[in-house]
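Participant: no sequence on hand, only this structure:
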């Protein structure tokens with residue numbers, strides 16, 4: 001049985017994701033800095049954005065871990081099934 005192909009992330013895709021994240025975070029930061037509001041409101045918005053970003057990373061890690069766990073359990077189940085099938089002899093006659 002062939003090992004399933006693991007999807008590979010190219011360097012260009014990774015760079016695009018990092019650049020996109022940096023541009024989005026920088027844009028929000030610039031927007032907060034140049035808002036015509038009091039400093040305490042600006043600080044609140046900055047903390048809110050920081051909290052949103054950190055919880056997003058946490059959520060992404062949880063989703064990734066759950067997918068890896070599901071993938072691993074399906075591979076263990078597949079290995080058990082392969083072992084069972086390889087040990088099974090359809091021509092063996094059980095004699096009491």
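Facilitator: Structure's in. What do you need? This structure is a prediction, so every number in the text was calculated from the model and none was measured.

Participant: what about residue 89, how many neighbours?
Facilitator: Using other CB atoms under 10 Å, residue 89 has 7 other residues around it. C-beta: built from backbone N, CA, C; applies to glycine.

Participant: SS state for it?
Facilitator: coil (DSSP: H, G, I helix; E, B strand; the rest coil).

Participant: likewise residue 92?
Facilitator: From three-state DSSP, the assignment for residue 92 is coil.

Participant: one more: residue 26?
Facilitator: Applying three-state DSSP: residue 26 is helix.

Participant: and it, how many neighbours?
Facilitator: Using other CB under 10 Å, residue 26 is surrounded by 10 other residues.

Participant: before we move on, what about residue 17?
Facilitator: Residue 17 has 11 neighbours, counted by other CB under 10 Å.

Participant: per-residue pLDDT of the residue nearest in space to the middle of the chain, please?
Facilitator: The centre of the chain sits closest to residue 64, judged by CA atoms, centre = their mean, with a distance of 2.9 Å. pLDDT for residue 64: 88.
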